[in-house]
Structures are given as structure tokens and as C-alpha cells.
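J.: I'll drop the sequence and a predicted model, then ask my questions.
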Amino acid sequence: MKFGFVTCVQLGLSCIEKIYEIGGQLDLLITLNDNKAVKKSGRIYLDDFSSKNQIDLVKINHINDEDAIQAIVDHDIDWLFIIGWSQIANKSVLDAPKKGAIGIHPTLLPQGRGRAAIPWAIIKGLDQTGVSMFKLDEGVDTGKLLGQKILPLTTEETASSLYERVNKAHEDLIEEVWSDLVNDSVVLKLQDESKATYWPGRTPADGEINEAMTVEEVDRLVRATTKPYPGAFIMQDGKKIIVWSGSSIPSNGNTESIRVNLSNGTYWAMDYEEEIG
């Protein structure tokens, strides 16, 4: 069985390293050209890893480029992982590997198809979320499932903590499913369409706190949009104040906090900064 991997960020590299940690190997690596997405969060380069492990590395502008498709065919790839990659693969790419392409989505599919999975799980006040490995098709997170990991959530969960747990769950899923992929014994499970939900994308503007919100809503919003995301914010005297953390508990006179009056109480911004530029 031959495997390829498409990525350009640390999450994907961590999964690749996990494959080699458990004794697996890859036959092809595909990544972006060096001058593409240089400011992308978590952007990495695969040159050193490919050289060290003697894996062919192909650099492209877009996953649907002919040279990407040809590389997959030329290397006789059975399964192609596409993880940590924002470009949408078309049918020609999905059909190029003999067995198919594999993606991972940070929800318990079919719940939470779409975008901004980590923030939405916290904003919605869910008691659990998860990570799903699935065979990519032409739909939005609709392919057959290979495996899932459940991640319980607490009322103190932040985007930072959940982001780390989601990344670890990616590695765990790779480890759990790898031997089945190698032995061609993986079981694909249809998603239950009756339980499907779709979550929309979010922009930095969606992080604005307003007085009509409840303390509970603000608390979830701040926790959901903290680093590595752009942060919740308030407008004060014409300035944008980004709130990284806070509390509904009185600040006890702490001058290093900002009071936000809300519909059912007060929220104290404890870690904040004025946006520059």
C-alpha cells in the first residue's frame, strides 16, 4: 500500500511525524511552493523531512494543478492524506489515488460540517466535540467515516486548549487507523444525514461584544475566539480593545481590568490589549 500526504502547516507535519513514529512510511509529499502562504498561521516547509526520509517532494501552487495530479498517479498512490490544507480538491484529485483521499475534520461528523469548528463548539456550549477521519468526496465533509475521537468539553474550555487537544486527536486517529489502511481492512461508515448540521464561517468582526449579550454569551465568545484566533473585542472611545480572557467574577478593584456592562450582569476583561494599526 502506497501513501501520499498533502500539507503546508504544522498540524499536517505532526501527523506525518506520527506516521513515522509508529513505523509507517510515505511515498509522496505535496506542499505549496515556497513563496505561497508565507504568512499563513503554522506554515511549515517539508524539505528537511523529505530529504531525511528520502521521500519525493512536489511543490505546487494549487492542489488541483495538473502536476499535483500527475505526481499522485506517477507514484501509484493508494491513499492520499489531505490535512492542514485550505484549498478544495476537485474530482480529478480525489480520483487520482487508487483507494481515495482522506481528510480530518474537527467535529463529530455529521455534526458541524463546514467552518470554524473549534470556535463554534465553545460558542454553542456543547458538552463534547471531537475529530473525524473520513474519505473525501465532492461534498462538504460528507464522506464515509474511517474513525472518530470524542473530546469532552468543560465550561472552562478555550480555543487555545481545544486547539491543542484537537491536534493531538489528529495524531491519535492516524495511529489508530494506520494498520487498517496498510492491511486494506479499513471499514468505511456512512454518515447519518438525518443528524447533519452545518456551521458557517466566521470573520474577526463576529467577535464583537455588545451590551445586549448575556454574561454567559460573552464568556463563551471570549473563550472561543482567544488565541490562536483574532479574539473577542469591544469598542471603547473609538478604539478596538481585544479581549483575550476575562471573568464574570468582580475584579475586586483590580485596575488592570475593563468592566463591560451586559444585559444580565458584568463581565471583567482581565487580559486585553488595544488593537494597533
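T.: In hand now; what should we look at? Numbering: from 1, shown residues only.
J.: So which other helices or strands are in contact with the helix or strand bottoming out on mean pLDDT in the chain?
T.: Ranked by mean pLDDT, DSSP states H and E, the helix or strand of the chain with the weakest confidence is strand 258-262, at a mean of 91. Judged by 3 or more C-beta pairs under 8 Å, 6 or more residues apart in numbering; DSSP states H and E, the packing partners of strand 258-262 are helix 215-225, strand 232-236, strand 239-247, strand 265-274. In this view, the C-beta of every residue, glycine as well, is placed from N, C-alpha and C.
J.: Reformat the ones you listed as JSON lines; add distance to Glu157 and mean pLDDT.
T.: Formatted as JSON lines, these follow (distance: least, C-beta to C-beta, whole Å; pLDDT from 0 to 100):
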{"stretch": "helix 215-225", "distance to Glu157": "6", "mean pLDDT": "97"}
{"stretch": "strand 232-236", "distance to Glu157": "15", "mean pLDDT": "94"}
{"stretch": "strand 239-247", "distance to Glu157": "13", "mean pLDDT": "95"}
{"stretch": "strand 265-274", "distance to Glu157": "16", "mean pLDDT": "93"}
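J.: can you list these in JSON lines and add distance to Arg165 and mean neighbour count?
T.: Below are the helices and strands packed on strand 258-262 laid out as JSON lines (distance: least, C-beta to C-beta, whole Å; neighbours: other C-beta atoms under 10 Å):
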{"stretch": "helix 215-225", "distance to Arg165": "14", "mean neighbour count": "22"}
{"stretch": "strand 232-236", "distance to Arg165": "21", "mean neighbour count": "20"}
{"stretch": "strand 239-247", "distance to Arg165": "18", "mean neighbour count": "18"}
{"stretch": "strand 265-274", "distance to Arg165": "21", "mean neighbour count": "18"}
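J.: Report the contact partners of the residue nearest the centre of the chain.
T.: With distances taken as C-alpha atoms, centre = their mean, Pro106 lies nearest the centre of the chain, 5.9 Å away. For Pro106, the contacting residues are 117-118, 129-132, 166, 169, by C-beta atoms under 8 Å, 6 or more residues apart in numbering.
J.: And the strands in the protein?
T.: Along the chain, the segments classed as strands by DSSP state E run 3-6, 28-32, 56-60, 79-82, 100-105, 113-114, 128-135, 145-152, 198-199, 232-236, 239-247, 258-262, 265-274.
J.: Asp184 is nearest to which of those strands?
T.: strand 79-82 (9.8 Å; C-beta to C-beta).
J.: before we move on, back to that, relative to Ser257, which of the helices and strands packed on strand 258-262 is closest?
T.: Closest among the helices and strands packed on strand 258-262, using C-beta to C-beta: strand 265-274, at 4.8 Å.
J.: sorry, back to before: now the contacts of Pro106: which count as buried?
T.: Taking 16 or more other C-beta atoms under 10 Å as the criterion, what is buried in the contacts of Pro106 is 117-118, 129-132, 166, 169.
J.: As TSV, these with pLDDT would be great.
T.: Listed next are the buried ones among the contacts of Pro106 as TSV, based on pLDDT from 0 to 100:
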residue	pLDDT
Ala117	96
Ile118	96
Thr129	98
Gly130	98
Val131	98
Ser132	98
Val166	96
Ala169	97
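J.: so what does the longest helix along the chain touch, helix or strand wise?
T.: Secondary structure of the chain per DSSP state H: the longest helix is helix 159-182. When contacts are defined as 3+ C-beta pairs under 8 Å, 6+ apart, helix 159-182 packs onto helix 10-21, helix 117-123, strand 128-135, strand 145-152, helix 215-225.
J.: Let me see the contact set for Ala96.
T.: 69, 72-73, 77, 80.
J.: among these, who's most crowded?
T.: Neighbour tally across the contacts of Ala96 (other C-beta atoms under 10 Å): the maximum, 28 neighbours, falls on Leu80.
J.: Identify the residues contacting that one.
T.: 3-6, 72, 93, 96-97, 100-102.
J.: of all those, which comes closest to Asn53?
T.: Nearest member of these to Asn53, counting by C-beta to C-beta, is Phe5, at 11.4 Å.
J.: Please name the bridge partners of that closest one.
T.: Leu29, Phe81 (DSSP bridges).
J.: any idea of the pLDDT on it?
T.: With respect to pLDDT, Phe5 has a value of 98.
J.: how much space between it and Trp120?
T.: Phe5 is 27 Å from Trp120, where distance means C-beta to C-beta, to the nearest Å.
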